[in-house]
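A.B. asks: Here you go, sequence then predicted model.
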Amino acid sequence: MLEIKYVNKTKHNIDRYKIIGAQSLNRAFYYMQLYGNFKISIIFVTDEEIKELNKDYRDIDSVTDVLTFNDEDEYLGDVFIALDRVKEQSVEMNHTFKEELSFIYVHAFLHALDYEHETDEDLIEMLALQKDILTYEAEYLTEKAEIASKNSFILGLPMRAGAAVMLKNGLIFTGTKIDIQEKKIYAGAAENAIFNAISYGCKRNDIIELAVITTHVDAKVITSDSLKILQEFLGDDIPVTISDFTGQCMKLKFKQLVRLHSEIGDRNV
């Protein structure tokens, strides 16, 4: 598990940036196949403060986007991020702010694991690894959802479904579909994943990502009842991936799923 501590030394509201951090850093954590309990600190600072740090520790008298001071053992280190510089950089690079900040998080995480780019070869290797991590997206969650789907209890129906949610602290909870039509017993995979997270202590806005896998890909795979439960725990911009067992998938934000669902209705998954 990766424990992320955030410190805000700016005037910005960092709630959104913390969610992006949880998504990016946990994705990197799982991609790099780290085992055990690790900690990392993210400190948001002003341009002036990061310039001072850059001068003191690197003898470079200019503003930079991020500085990583790695540690050892389970404590990976301190990461200083200048949000204003990251925003300027996103415009310069023609990226969205989320794309740029995600890149910064992953870049800093690799530095905390002792990756460096002192040579062109090292830079190429590190950038390739960052790209792999950033395109990893919800594959890991979907894999967990598929494992859960094998336990589906759907009496008399040749189908299965599974779901997985990731929390801010990196923990993942899965759920499977239960459907016994003759007794009118039904519980969707997504809502069961939520219930398992709640039993751990999950609260509103703790969930940062959802993946669902079933026999077909469309917004109808989540029922209206399941959607009501999800709306209590998922923010509008939380990424949702809906996949089938052939590898086809759709990726959208939760608010887009809600809108689509209102237009097309249920399919009881």
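C.D. replies: Good, I have the coordinates.

A.B. asks: Around Gly247, how many other residues sit close by?
C.D. replies: 8 (other CB atoms under 10 Å). The way it works is simple: take the backbone N, C-alpha and C, and place the C-beta from them, glycine included.

A.B. asks: And it, its phi and psi?
C.D. replies: The phi/psi pair for Gly247 (degrees, to the nearest 10) reads phi 100, psi 0.

A.B. asks: What pLDDT is listed against it?
C.D. replies: The per-residue pLDDT reported for Gly247 equals 82.

A.B. asks: Name the next helix or strand downstream of the helix or strand containing Glu121, please.
C.D. replies: Using DSSP states H and E, Glu121 sits in helix 120-134. Note on helix 120-134: by DSSP H and E, the next helix or strand toward the C-terminus is helix 139-149.

A.B. asks: ok, which stretches of the stretch 51-200 of the chain are helices?
C.D. replies: Counting by DSSP state H, counting those that start in this stretch, one finds helices in the stretch 51-200 of the chain at the ranges 83-92, 97-112, 120-134, 139-149, 189-200.

A.B. asks: how many neighbours does the nearest residue in space to Asp61 that is not next to it in sequence have?
C.D. replies: Of all residues not flanking Asp61 in the chain, Lys55 sits nearest, at 4.9 Å (CB to CB, 6 or more residues apart in numbering). Counted with other CB under 10 Å, residues neighbouring Lys55 total 12.

A.B. asks: surely Lys55 meets Val63?
C.D. replies: No - here Lys55 does not reach Val63: they are 10.2 Å apart, not a contact under CB atoms under 8 Å.

A.B. asks: Quick check: the gap between Glu191 and Thr176.
C.D. replies: Distance of Glu191 to Thr176, given as CB to CB, to the nearest Å: 11 Å.

A.B. asks: can you check Ala197 too?
C.D. replies: Between Ala197 and Thr176 the distance is 14 Å, computed by CB to CB.

A.B. asks: cool, and Ile50?
C.D. replies: Ile50 is 46 Å from Thr176, by CB to CB.

A.B. asks: about what we covered before: what angle sits between the helix holding Glu121 and helix 97-112?
C.D. replies: If you take axes from the mean of the first three to the mean of the last three CA atoms, to 10 degrees, helix 120-134 sits at 120 degrees to helix 97-112.

A.B. asks: Report the rounded mean pLDDT for helix 120-134.
C.D. replies: 87.

A.B. asks: Mind giving me the packing neighbours of it?
C.D. replies: Applying 3 or more CB pairs under 8 Å, 6 or more residues apart in numbering; DSSP states H and E, we find helix 120-134 packed against helix 15-31, helix 97-112.

A.B. asks: Format the CA atom coordinates belonging to the first one as PDB.
C.D. replies: What it means is helix 15-31. Output of helix 15-31 as PDB, limited to C-alpha atoms (Å, rounded to 0.1, in the frame of the first residue of the first chain):
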ATOM      1  CA  ASP A  15      -8.700  18.700  -3.300                       C
ATOM      2  CA  ARG A  16      -8.700  18.000  -7.100                       C
ATOM      3  CA  TYR A  17      -4.900  17.700  -7.200                       C
ATOM      4  CA  LYS A  18      -5.000  15.100  -4.400                       C
ATOM      5  CA  ILE A  19      -7.400  13.000  -6.400                       C
ATOM      6  CA  ILE A  20      -5.100  13.200  -9.500                       C
ATOM      7  CA  GLY A  21      -2.200  12.400  -7.200                       C
ATOM      8  CA  ALA A  22      -3.900   9.300  -5.800                       C
ATOM      9  CA  GLN A  23      -4.700   8.100  -9.300                       C
ATOM     10  CA  SER A  24      -1.300   8.700 -10.800                       C
ATOM     11  CA  LEU A  25       0.800   7.600  -7.800                       C
ATOM     12  CA  ASN A  26      -1.100   4.400  -7.100                       C
ATOM     13  CA  ARG A  27      -1.100   3.500 -10.800                       C
ATOM     14  CA  ALA A  28       2.700   3.900 -10.700                       C
ATOM     15  CA  PHE A  29       2.900   2.000  -7.500                       C
ATOM     16  CA  TYR A  30       1.100  -1.000  -8.900                       C
ATOM     17  CA  TYR A  31       2.800  -0.800 -12.300                       C
END
